[in-house]
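# fold the following, please.
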Amino acid sequence: MNKEINIELEHIFKILGNKQRLTILELLRVRPRTVSEIVDSLNMEQSAVSHQLMVLREAELVQSQKNGREVLYALSDSHVLILLDNALKHVGHILKH
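Prediction:
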């Protein structure tokens with residue numbers, strides 16, 4: 001792998017290493033959600049959720065779509081879903097041993 005790819009991978013894995021962001025991504029694995037739905041599910045302040053969503057959006061792990069006064073967040077693409085699914089399978093495999 002070249003240096004640029006390594007830097008980007010390091011950045012993505014640092015982002016994924018945050019419990020709040022992982023929890024948000026887990027919610028979005030099920031279906032797209034609004035900020036208020038995420039706030040209610042995680043019992044976090046709206047500003048904290050918005051900050052974490054901004055980090056995820058900048059890393060292109062989630063995308064947003066304005067729907068009237070609400071913003072709907074979803075996983076950016078199937079690659080993010082596959083990444084999360086594989087990480088969960090790996091953890092399940094580790095925990096069995």
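# what ranges does this protein have for its helices?
All helices of the chain, identified by DSSP state H, fall at 3-16, 19-30, 35-42, 46-58, 78-96.
# indicate which one of the ones you listed is closest to residue 70.
helix 35-42 (7.5 Å; CB to CB). For the C-beta atoms, the positions are set from N, CA and C on the backbone; glycine is no exception.
# settle this for me: residue 25 is touching residue 53, isn't it.
No: here residue 25 does not reach residue 53: they are 10.3 Å apart, not a contact under CB atoms under 8 Å.
# neighbour count for these two, which is higher?
Neighbour tally, residue 25 and residue 53, criterion other CB atoms under 10 Å: the higher count belongs to residue 25, 23 against 20.
# once you drop chain neighbours, what's closest to the spatially most central residue of the chain?
Centroid-nearest residue in the chain, with CA atoms, centre = their mean: residue 25, separated by 3.2 Å. Nearest non-adjacent residue to residue 25, counting by CB to CB, 6 or more residues apart in numbering: residue 84, 6.0 Å away.
# where's the closest residue to residue 42 other than its chain neighbours relative to residue 49, distance?
Of all residues beyond its chain neighbours, the one nearest residue 42 is residue 23 (6.0 Å), with distances taken as CB to CB, 6+ apart. To residue 49, residue 23 is 10 Å away according to CB to CB, to the nearest Å.
# what's the overlap in contacts for those two?
Residues within reach of residue 23 and of residue 49 at once, by CB atoms under 8 Å, 6 or more residues apart in numbering, are residue 42.
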